[in-house]
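S.K.: Sequence first, then the predicted structure, then my questions.
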Amino acid sequence: MSKIKEYQLNIDDLLQIPEDSFDDFLIDLKKWHRAVRSTVDVLEAVAKASNKPMPKKLIAMKWIDDGKHEGKIIIKTTLKKDNTDE
C-alpha cells in the first residue's frame with residue numbers, strides 16, 4: 001500500500017477565484033504543473049552541474065483569468081538573486 005500524501009494549499013487564494021472561472025483555473029493549473037515540473041528538473045540538473053544552489057521552495061504562482069489558456073506563468077521562489085557571478 002502506498003503512503004498517503006498530504007498537500008497544503010492556501011484556501012484564501014483559491015476562494016478569491018470566481019466560481020464561474022474555476023474550471024478555467026484548473027485547466028491552466030494542470031498546464032502550469034507540467035511546465036514547472038519540467039523546469040524544476042532542468043534547474044536541478046543545472047544546479048548540480050554548476051554547483052549552485054537550487055531554490056529551496058517555489059512559493060507562488062500567478063494565474064491570469066483571461067480565458068485564453070496561453071500559459072503565462074509567474075513563479076516566485078525563496079532563492080534570492082546572487083550577483084556575484086554575473
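M.R.: Right, received. Where do you want to start?

S.K.: Could you list the single helix or strand in this structure with the lowest mean pLDDT?
M.R.: strand 74-77 (a mean of 60; mean pLDDT, DSSP states H and E).

S.K.: As a check, name the ranges of all strands in the chain.
M.R.: Per DSSP state E, the chain carries strands over the ranges 58-62, 74-77.

S.K.: helices or strands next to the longest helix that the chain contains in the packing?
M.R.: What stands out as the longest helix in the chain, according to DSSP state H, is helix 22-50. Judged by 3 or more Cβ pairs under 8 Å, 6 or more residues apart in numbering; DSSP states H and E, the packing partners of helix 22-50 are strand 58-62. Backbone N, C-alpha and C define where each C-beta goes, glycine included.

S.K.: What mean pLDDT does stretch 47-54 get?
M.R.: Stretch 47-54 carries an average pLDDT of 83.

S.K.: quick check, distance from it to the centre of its chain.
M.R.: What separates the centre of stretch 47-54 from the centre of its chain is 20 Å, taken as Cα atoms, centre = their mean, to the nearest Å.

S.K.: Under the pLDDT cut-off, which ranges of this protein? List them.
M.R.: Within the chain, the stretches with pLDDT under 70 are 1, 55-60, 71-86.
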